[in-house]
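> Sequence and predicted structure, then a few things I'm wondering about:
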Amino acid sequence: MPEFVGAVDQGTTSTRFMIFDHDGNEVARHQLEHRQILPRSGWVEHDPVEIWERSNTVIQNALRACGLSPTDLHAIGITNQRETTVVWDPRTGRPYYNAIVWQDTRTDTIAAALERDGHGALIRRKAGLPPATYFSGGKIQWLLENVAGLREAAERGHAVFGNTDAWVLWNLTGGPDGGVHATDVTNASRTMLMDLETLDWDEELLALFGIPRRMLPTIHPSAHPEAYGQARTSRPLRSAVPIAALLGDQQAATVGQVCFSPGEAKNTYGTGNFLVLNTGTELVRSEAGLLTTVAYQFGDAPAVYALEGSIAVTGAAVQWLRDQLKIITDAAQSERLAAAVEDSGGIYFVPAFSGLFAPYWRSDARGAILGLARYHTCEHLARATLEAICYQSRDVVEAMEHDSGVHLDVLKVDGGVTANDLCMQIQADVLGVPVSRPVVAETTALGAAYAAGLATGFWRDTDELRSHWHESKRWQPRWTAEQRAEGYEGWKKAVGRSMDWVTVE
């Protein structure tokens with residue numbers, strides 16, 4: 001029996017392939033970044049062909065790094081940046097346009113029109129989401145309306161849609177030569193097009209966006225031994241390894257953090273932050289600006305739902321310091337700079353580059369740095385950037401407590417930013433609860449591997465997976481209650497100043 005499970009983790013800034021053993025330990029990985037294409041203010045795109053080529057390469061290099069062959073892999077799971085929209089010709093595999101990334105705001109007029117025309121309540125009731133630029137439905141509509149000939153091609157079945165999970169899956173299983181066009185319930189729940197109760201595409205929602213149903217992938221459970229076919233075209237995987245799971249990245253991290261019981265939550269720190277609370281098989285409708293979404297569905301079992309707080313820009317703010325301001329050369333330097341000062345000196349950085357997501361949902365907001373004096377330095381700005389990550393997470397935690405009545409005793413964290421010890425200490429200080437990081441911090445890939453292994457019998461059940469979770473480090477709060485209240489009051493004031501900056505017609 002093969003002794004390992006692999007996971008493709010197709011993220012916003014990079015793609016990686018990770019290999020895990022039966023104890024959930026990382027055996028090997030390879031990771032490559034892809035270009036961030038910024039044609040104009042508010043537009044963010046990726047090259048789908050580059051993403052597919054990177055996926056091929058990282059699989060090959062990870063296997064080579066640990067001396068394994070495809071026959072050593074029991075199964076593969078795929079996890080992905082959600083909402084990022086690809087439309088391609090299934091006859092050739094050629095994309096009609098670049099992938100429109102989840103951060104992109106070009107669909108703000110579409111979202112505003114849906115709300116203005118009274119359709120927001122319908123979308124919230126059926127899809128669990130507010131009309132927003134974040135989700136795939138508006139992106140598909142924009143492509144159909146702005147790419148010459150695309151609507152006609154879609155009507156003829158010559159144009160199909162997928163988030164990047166479906167794009168990688170289709171290519172990995174054969175592409176134009178019989179590739180599987182499918183997605184799972186977690187990714188489908190991020191489109192504004194799926195009914196959360198039926199777990200199927202909804203005709204009334206499709207009509208709102210003018211999207212032909214034949215464009216859409218078939219929806220399957222997140223983990224299924226037969227739904228997603230076998231890897232056939234990737235150079236290192238010609239031995240036909242089963243692809244047994246698809247999961248959106250934040251749902252995969254929820255599985256990787258073994259949050260299998262109602263009331264368990266995790267916060268992933270990546271390009272953005274995403275706090276997910278398991279609500280079990282019950283649909284909980286948010287009254288505080290959160291999203292109702294599918295957490296996962298394993299095989300024929302009922303779907304498990306979640307409340308999610310999505311924050312657009314957290315780790316991306318550190319990248320902004322590096323790539324646009326050029327005051328740091330790598331992400332690790334942000335910690336060293338921030339540690340050089342005791343606090344941010346009273347400045348606040350609201351990184352609303354794509355508007356504000358949860359719990360505000362304000363597409364009219366833009367990034368702002370407030371409270372500046374001549375005294376302030378790049379060290380203060382670096383610290384304010386880390387504080388912004390943590391204050392945005394507090395906004396979501398408070399909304400989650402309002403909706404669910406669940407008070408967090410500890411916050412489980414994962415993702416690349418958790419390597420920043422100072423940021424995690426600030427997070428504990430801002431929240432007033434301990435913050436806990438697991439041994440395997442890249443839980444997105446781990447969760448996809450867990451789901452694939454569960455589907456194929458590599459792991460017995462979720463209890464076995466719980467036994468693999470181990471804490472690496474815990475941060476205890478150090479701030480006084482007065483410090484916490486004063487800091488958060490300043491943050492709320494700064495957020496208010498960032499709003500009403502652009503006009504959305």
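Sure thing, it's come through.
> Buried residues in the longest helix anywhere in the chain, which are they?
Longest helix of the chain, by residue count under DSSP state H: helix 378-404. In terms of neighbour count (16 or more other Cβ atoms under 10 Å), helix 378-404 has its buried residues at 379-397, 399-400, 403-404. C-beta coordinates here come from the backbone N, C-alpha and C atoms, glycine included.
> moving C-terminal of it, what's the next helix or strand?
strand 411-414 (DSSP states H and E).
> Can you give the distance of that following strand from its chain's centre?
15 Å (Cα atoms, centre = their mean, to the nearest Å).
> Name the residues that touch that strand?
253, 256-257, 259, 264-269, 397, 424, 427, 431, 433-438, 441-444 (Cβ atoms under 8 Å, 6 or more residues apart in numbering).
> what's the span of stretch 193-212, first residue to last?
Using Cα to Cα, to the nearest Å, the end-to-end distance of stretch 193-212 comes to 11 Å.
> residues in contact with that stretch?
With Cβ under 8 Å, 6+ apart as the criterion, stretch 193-212 contacts 114, 119, 122-123, 126-128, 136-138, 140-141, 144, 154-155, 161, 185, 188-189, 192, 213, 216, 219, 283, 292-294, 297, 303, 305.
> Pull the distance from that stretch to the chain's centre.
Remark: stretch 193-212 is offset 22 Å from the chain centroid, using Cα atoms, centre = their mean.
> Which positions within that stretch qualify as buried?
Buried, per 16+ other Cβ under 10 Å, within stretch 193-212: 193-196, 199, 201-202, 205-206, 208-209, 211-212.
> how about TSV for these, with pLDDT and distance to Arg460 added?
Shown next, in TSV, are the buried residues of stretch 193-212 (pLDDT from 0 to 100; distance: Cβ to Cβ, whole Å):
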residue	pLDDT	distance to Arg460
Leu193	97	35
Met194	97	31
Asp195	97	33
Leu196	96	29
Leu199	97	26
Trp201	98	34
Asp202	97	36
Leu205	97	38
Leu206	97	40
Leu208	95	43
Phe209	96	42
Ile211	97	41
Pro212	96	42
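> so of those, which ones are in strands?
194-195, 201 (DSSP state E).
> quick check, nearest of those residues to Leu150?
Distance to Leu150 across those (Cβ to Cβ) is lowest for Trp201, with 19.1 Å.
> do you know how far the closest one is from Ala188?
Remark: distance between Trp201 and Ala188 (Cβ to Cβ, to the nearest Å) = 7 Å.
> OK, contacts around the residue lying closest to Leu32 once chain neighbours are set aside?
Nearest residue to Leu32, sequence neighbours excluded (Cβ to Cβ, 6 or more residues apart in numbering): Arg54, at 4.6 Å. Shown in contact with Arg54 (Cβ under 8 Å, 6+ apart): 14-15, 32, 34.
> what is in contact with Trp201 and Ala188 at once?
Overlap of the contact sets of Trp201 and Ala188 (by Cβ under 8 Å, 6+ apart) consists of 194, 219.
> about what we covered before: among the contacts of stretch 193-212, which ones are in helices?
114, 122-123, 126-127, 136-138, 140-141, 144, 154-155, 185, 188.
> Now for the residues you listed: which two are most distant?
Glu155 and Val185 (26.6 Å).
> Looking only at neighbour counts, state which of those two leads.
Applying other Cβ atoms under 10 Å to Glu155 and Val185 shows that Val185 carries more neighbours, namely 25 against 13.
> isn't that one right next to Ala303, touching?
Yes: counting by Cβ atoms under 8 Å, Val185 touches Ala303, with 5.9 Å between them.
> okay, and the common contacts of the two?
With Cβ under 8 Å, 6+ apart as the test, Val185 and Ala303 both reach 199, 221, 294, 296-297.
> So which of those sit within strands?
294, 296.
> so which pair among the shared contacts of Val185 and Ala303 is furthest apart in space?
Leu199 and Tyr296, at 12.0 Å, using Cβ to Cβ across the shared contacts of Val185 and Ala303.
> that older thread, got the buried residues for the helix or strand hosting the residue nearest to Leu32?
Assigned by DSSP H and E, Arg54 belongs to helix 48-65. By neighbour count, with 16+ other Cβ under 10 Å as the criterion, the buried positions of helix 48-65 are 48-52, 54-63.
> hmm, back to that, any chance of the ones in strands among the buried residues of stretch 193-212 in CSV, with distance to Ala368 too?
As requested, those are exported to CSV (distance: Cβ to Cβ, whole Å):
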residue, distance to Ala368
Met194, 35
Asp195, 38
Trp201, 39
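> So for stretch 426-434, what gets flagged as buried?
Result for stretch 426-434 [16+ other Cβ under 10 Å]: buried residues 426-431, 433.
> correction: stretch 311-328
Buried residues in stretch 311-328 (16+ other Cβ under 10 Å): 311-321, 327-328.
> what pLDDT, on average, does that stretch get?
Model confidence over stretch 311-328, given as mean pLDDT, is 91.
> From the opening residue of it to its closing one, how far?
End-to-end distance (Cα to Cα), stretch 311-328: 23 Å.
> Over to stretch 432-447?
Termini of stretch 432-447 sit 28 Å apart (Cα to Cα).
> about what we covered before: between the buried residues of stretch 426-434, which sits nearest Gly77?
For those, the nearest to Gly77 is Gln427 (28.4 Å; Cβ to Cβ).
> Now do the buried residues in stretch 141-149.
141-144.
> which regions of the stretch 201-350 of the chain lie under the pLDDT threshold?
Low-confidence segments of the stretch 201-350 of the chain (pLDDT under 70): 233-239.
> Would you state the helices of it in chain order?
Taking DSSP state H, counting those that start in this stretch as the test, the helices found in the stretch 201-350 of the chain are 203-209, 249-256, 315-323, 331-339.
> Out of these, the one nearest Leu275 is which?
Closest among these, using Cβ to Cβ: helix 249-256, at 8.7 Å.
> Give me the contact list for that closest one.
For helix 249-256, the external contacting residues (Cβ under 8 Å, 6+ apart) are 9, 11, 77, 79-82, 186, 222, 247, 266, 268, 270, 274, 276, 278, 293-296, 306, 308, 310, 414-415, 440, 443-448, 450-451.
> List the buried residues for it?
For helix 249-256, the buried set under the neighbour-count rule, 16+ other Cβ under 10 Å, comprises 249-256.
> Same list (those) but as a markdown table, adding distance to Thr456.
Shown next, in a markdown table, are the buried residues of helix 249-256 (distance: Cβ to Cβ, whole Å):
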| residue | distance to Thr456 |
| --- | --- |
| Asp249 | 21 |
| Gln250 | 23 |
| Gln251 | 19 |
| Ala252 | 16 |
| Ala253 | 21 |
| Thr254 | 20 |
| Val255 | 15 |
| Gly256 | 17 |
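> Nearest to Arg478 among those?
Ala253 (26.7 Å).
> and the closest one, how far is that from Tyr269?
Counting by Cβ to Cβ, the gap from Ala253 to Tyr269 is 10 Å.
> Then Ser69?
Applying Cβ to Cβ to Ser69 and Tyr269 gives a distance of 34 Å.
> before we move on, the earlier item: which ones among the contacts of helix 249-256 map onto strands?
Reading strands off these with DSSP E, I get 9, 77, 79-80, 247, 266, 268, 274, 276, 278, 293-296, 306, 308, 310, 414.
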